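1. give me a model of this one.
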Amino acid sequence: MDIKKVFILGVSLINMLFLAAQDSLPLNYFRSPLDIPLYLSGNFGELRSNHFHSGLDIKTQGVEGQKVYAVADGFVSRIRNSPYGYGNAIYIDHPNGYTSVYAHLQKYEGKIAEEIKKYQYKNKTW
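-> Numbering: from 1, shown residues only. From the prediction side, this is the model:
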């Protein structure tokens, strides 16, 4: 066997090992977080002025207040409020071990808004 064939065989076997190590999820396990066509304004890993972008930013086509949905079943594991970075953000842990993050939210609604308000008044933090 010549060296070229051995090399190609070796690379193919290594690729198969990497592919076999990937998680396999059922088709349609995740849903879209928005009920509009998805257009990206920021990509994961995109180079910014002093860091790599760590998410996918979805355009809302100039419409504020779009409803945002969890991409799969799970529980709210973290809520963040910050004037920087993600701004208003919700983290949801899913049974498969993944965490989805919903950032740059205009406002919170429902039970989450109620819990935040209770926390703020209890701890006198705004």
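
2. what residues of stretch 102-119 count as buried?
-> Tyr102, Ala103, Leu105, Tyr108 (16 or more other CB atoms under 10 Å). For the C-beta atoms, the positions are set from N, CA and C on the backbone; glycine is no exception.

3. please state the offset of it from the chain centre?
-> Centre-to-centre, stretch 102-119 and its host chain are 18 Å apart (CA atoms, centre = their mean, to the nearest Å).

4. also stretch 47-63?
-> When distances are taken as CA atoms, centre = their mean, stretch 47-63 is centred 12 Å away from the chain's centroid.

5. hmm, who's touching that stretch?
-> By CB atoms under 8 Å, 6 or more residues apart in numbering, the residues outside stretch 47-63 that reach it are 33-34, 36, 38-46, 66, 86, 101, 103-104.

6. now with 10 Å?
-> 32-34, 36-46, 66, 68, 85-86, 89, 101-104, 106 (CB atoms under 10 Å, 6 or more residues apart in numbering).

7. got the buried residues for it?
-> Using 16+ other CB under 10 Å, the residues of stretch 47-63 that count as buried are Gly55, Ile58, Thr60.

8. what's the mean pLDDT across that stretch?
-> Mean per-residue pLDDT for stretch 47-63: 88.

9. could you look up the SS state of Ile90?
-> strand (DSSP: H, G, I helix; E, B strand; the rest coil).

10. any idea which element the closest residue to it other than its chain neighbours lies in?
-> Distances taken as CB to CB, 6 or more residues apart in numbering place Tyr102 nearest to Ile90, at 4.7 Å, with adjacent residues excluded. For Tyr102, the host element (DSSP states H and E) is strand 99-105.

11. tell me where the protein is predicted with low confidence.
-> 1, 19-23 (pLDDT under 70).

12. so where's the longest helix in it?
-> Longest helix in the chain, counting residues (DSSP state H): helix 3-20.
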